[in-house]
Each structure stands twice: as structure tokens, then as C-alpha cells.
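[1] Mind folding the following:
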Amino acid sequence: MATAFHTPTREPVAFGDTPGDRNWWNAPHAQGVGAVAQRRHCAFIFIANLPHLVEAYGLDFAMAVSREIKRRLCASFLTSVDTDLACLRDDCFLLWSNAAFAAGSADAAHPASEQLETLLGALGSEPIRAEGMAALVQLHADWIDVCAPEQLGASEIELTLWTAQPFPDAQESRTDGWRQLYRADMEVAVRVGEALQADRLAFAWRPVVNAYARATTFYREACPRIAPRFGQPASFTPEVFMPCLQRLGLTRLFDMRVVRQVIDALRRQPSAHMGVSIFAQSARLDHWWASMLSTLQSQPALASRLTVEISDGAAWSNLEAARNFCARLQSSGCRIAIKDFGLKTGNLAAVQACRPDIVKLDRSFLRQARESEFHRECLGAMRMFCAHLAPHVVVDGVEREEDVHVALDAGAQWLQGCHLRSAEEPARLVSRMSPRERSLA
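    Presented below is the predicted three-dimensional model:
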């Protein structure tokens, strides 16, 4: 069933069309052989997970998702359905420039577009509900030049569909329980989407401190969580929901929202230095990051106080994209950190590709170093190795005073962990936070 969405069809059907309705894809033949095709600049919007929704929830639900994406397009980005929108297939739409949507251009120097960021956010931020079920869509969008709607022919439709499909992050594997896992992950993702819509994103703050002078803070890492609704017992933590978003390919929406709020916090606190963690899956110069890139480029003083940490080395599926992403942020003045170094095999390749300013050792090294002299030697050796890879090395996982001494013996420069909370800065930092940020600081 799913392959029907990935095999280009020669006669795509627009929603609401019947045999007697307007068939714009056949218009070139009606104009005659000598008609000259006029190309127009437009955006394509591709629903990348529609085949998965068919498999997990059934065809009726997937079609309802497609219709809802079209409805959202019509509600916010169209002045005329007849001339500004085409449905090439149930998972692919073309949106031409009009009074409600100004088409941009693909610029190698500025690959991310704020128009498309707005479009992606409006179409994909809110869960779609139908048939008693709910899901978030995984959207891919970019600019393209194609013939006007009334002149599109079958060959150009097939080429456009091929162009619009994103390169997969990784080879998917299907197990016997795939459908159940997908639905369970999506249930969590919908909860996250609803929480973001309700502005329930909050932060705790973990300082990175000097190993020899703990009152000296390098920066504070923002640790996001979903604040509980009234009557719920606890917060919804990233350790619970981020693996679900990652398996679904939906990390960008959450990571973008977190980075945006940390940038807002930096504006309110002009002397603070902050860090924010994103998943490797999100580390690419796509349109979700357009406003962030613009802000950092235009405000280098703010950018110099931001450290972007990238986690989960197992998901570095496109090192070239990650390298370009990190280089763009560093050129704006940001620091780049690679988290959890040594835990997964992809870390070293990521460090070599991205040339980070900071490497953060996985906390398991410090935990193991408590147990034996051998593991303490391993911690010291890893710390020295990382010192050749980045100017700053952070030993993470400091949970007790004993850990500080173990890290010092290993030559640690910077420390991080739940044991470390400097005395004077939290009060000043919390006093400038919004009420929601203050609730979990």
C-alpha cells in the first residue's frame, strides 16, 4: 500500500475532482503541440511520512491527513486555488507565489528560507486528528521552477515528484512489532506537539564549571522538558520523548522551538552564556533553521554567547550536511559542542567532520572511573585524546564530590553534572526568566 505514494503516477488527482471537474494536468494537450510552456517559481510541500501513516493507521486516515494539509495551505497561503495550488499526488503539493505567499529563491549563500520556515511551522506544528486518531506530519519543502499549473505535463510531474522526495536519513528496518512501535511513538509525539502548541516548554539549567574554580561558569546548558498539565504528577522529559521523535524523523520541530526560546533568553540576559542541545538528525541547513540563522548572523554578540550541542552520534547519517551546519553557526560566532563522546561509534567521525569547539565526554566514563584504577586511567586517556580534537573538554556526569576529585586526577578542565550548582549565579539568572522558565530552573 505504501509504495503507491513513492511511485510517481501519470495522472495525479486533485482533491474534490471528479471526471467532470477541471483536469489541469491535461491542459498542455488542449493547447496544442506548439504551446510554449511558461515556468513559474513555486514551493513544493512533500508529506514524507504519509506511507508510514498508511501502514500504521490505514488508508482512510492517511487521506484525511492529506486533505488537512491542503486545507491548511488554503487557509493561510492562498488567494486562488485555481492558479496558485496543484496537488501532484496525495503526498505532494505545489504552491505558487501569490498575494498570501511570496515565493523566494534557492540561494547557495542563504540556503534556508524564512518563508518556508513559516510554511512548515503552520502546516506541521499542530497534530492532525481524524478517524479517532492523531498524528504529526513529517514535511519536506523547497523551491522549484515548474510550468504554470495549466501547462504541467506528465513528464514534468514525474520529475517534480522525484525532486520533492527527501533523501532518507537511514535505511528503515521493519520488524514484526513495527506498526505497534510506530503508533506508540506517534502517541508520544502528538503529546509533545500539543504541549508546544500550549507553550508548556520549560527549562532546567546545568552549568559547565571550571574544574579548579567552580564559581567560574563556562556556560549553562538548557535542559528542556515539557511542563505537566494541571493534575499531572511529573514533567515529560526528553529522555522519554526524544527517542520517539527521532525514530519518527520529527526532531526538527522540537529542536527548533528549544533553540528559539534559548535565543530569546539570551536577549533578556545580556551577560549570560547558554548552551542548547539538538539531535544530530536536526543538524542540517534546512528551512526549519532560517530565522535562527538570520538572527545569529545579524547579532554576532548574541551568537558569541550561544553554544549549540549536538547529541546522539549514532544518527550522523549525513556528515557533510552536519559539517556545513556547524561551519555556518561557527562563522556566526557560536560555539559547537559534540555531546556523549565515546559512547557511540559515530562520535569520532562527527568530531573530525565538524571540528567542534567543545567535546563532552559521555558520563559513563566518570561513573566507571569510580570503580577501578583501570577505568580512572581510561578516563585520563580519553580526556587527553579529546584535548587533541577540540580546544575545550568537558567531563560530564559529576554526581557527588568524589567525582570532582576523580575528574581532577584525570586532568579535567571543565566539569558538568547534577552535583554542580554555583552559589551566586542561579538567583540572578532565575530573576530574569519568564515564569515558565523559572518553574523548572
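[2] can you give me the strands for this structure?
    Using DSSP state E, the strands found in the chain span residues 39-47, 85-89, 92-96, 128-130, 133-135, 139-147, 201-210, 217-226, 274-279, 306-311, 335-341, 358-361, 392-396, 414-416.
[3] Include mean pLDDT and mean neighbour count when you put the ones you listed into TSV, please.
    C-beta: built from backbone N, CA, C; applies to glycine. Supplementary listing: the strands of the chain in TSV, determined by pLDDT from 0 to 100; neighbours: other Cβ atoms under 10 Å:
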stretch	mean pLDDT	mean neighbour count
strand 39-47	89	21
strand 85-89	91	23
strand 92-96	93	22
strand 128-130	96	18
strand 133-135	97	23
strand 139-147	89	19
strand 201-210	92	21
strand 217-226	93	22
strand 274-279	95	23
strand 306-311	95	24
strand 335-341	94	25
strand 358-361	96	26
strand 392-396	96	25
strand 414-416	96	23
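[4] What does the closest residue in space to A322 that isn't next to it in sequence show for phi and psi?
    With Cβ to Cβ, 6 or more residues apart in numbering as the measure, A283 is the residue that lies nearest to A322, at 4.6 Å, once sequence neighbours are left out. Main-chain dihedrals, A283, degrees, to the nearest 10: phi -80, psi 80.
[5] Pull the number of nearby residues for A283.
    30 (other Cβ atoms under 10 Å).
[6] if I pick it, what's in contact with it?
    The contact partners of A283, taken as Cβ atoms under 8 Å, 6 or more residues apart in numbering, are I310, A321, A322, F325, C326.
[7] give me that answer again for 6 Å
    Contacts for A283 (Cβ atoms under 6 Å, 6 or more residues apart in numbering) come out as I310, A322, F325.
[8] just these now: which is nearest I338?
    For I338, the nearest member of these is I310. The distance, counting by Cβ to Cβ, is 5.9 Å.
[9] The closest one and G153, how far apart?
    As for I310, its distance to G153 is 43 Å (criterion: Cβ to Cβ, to the nearest Å).
[10] next one: S113
    Using Cβ to Cβ, we find S113 at a distance of 27 Å from G153.
[11] Looking at those two, which is more packed in?
    More neighbours surround S113 than the other of S113 and G153, with 22 against 16 (other Cβ under 10 Å).
[12] So the more buried one sits against W289, correct?
    No - using Cβ atoms under 6 Å, S113 is not in contact with W289, being 10.2 Å away.
[13] Please tell me how far the residue most central in space within the chain sits from D176.
    The structure's the chain has its C-alpha centroid closest to R252; by Cα atoms, centre = their mean the separation is 1.4 Å. R252 sits 29 Å away from D176, going by Cβ to Cβ.
[14] Extract the residue ranges of the stretch 301-441 of the chain that are flagged as low pLDDT.
    Applying pLDDT under 70 to the stretch 301-441 of the chain flags residues 312-315, 345-346, 422-441.
[15] Would you map the helices across it?
    With DSSP state H, counting those that start in this stretch, the ranges of helices along the stretch 301-441 of the chain come out as 319-332, 346-354, 364-369, 373-387, 401-409, 425-431, 435-439.
[16] Can I get the ones you listed in JSON lines including distance to F44?
    Shown next, in JSON lines, are the helices of the stretch 301-441 of the chain (distance: least, Cβ to Cβ, whole Å):
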{"stretch": "helix 319-332", "distance to F44": "19"}
{"stretch": "helix 346-354", "distance to F44": "29"}
{"stretch": "helix 364-369", "distance to F44": "44"}
{"stretch": "helix 373-387", "distance to F44": "42"}
{"stretch": "helix 401-409", "distance to F44": "51"}
{"stretch": "helix 425-431", "distance to F44": "43"}
{"stretch": "helix 435-439", "distance to F44": "36"}
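[17] Many thanks, have a good one.
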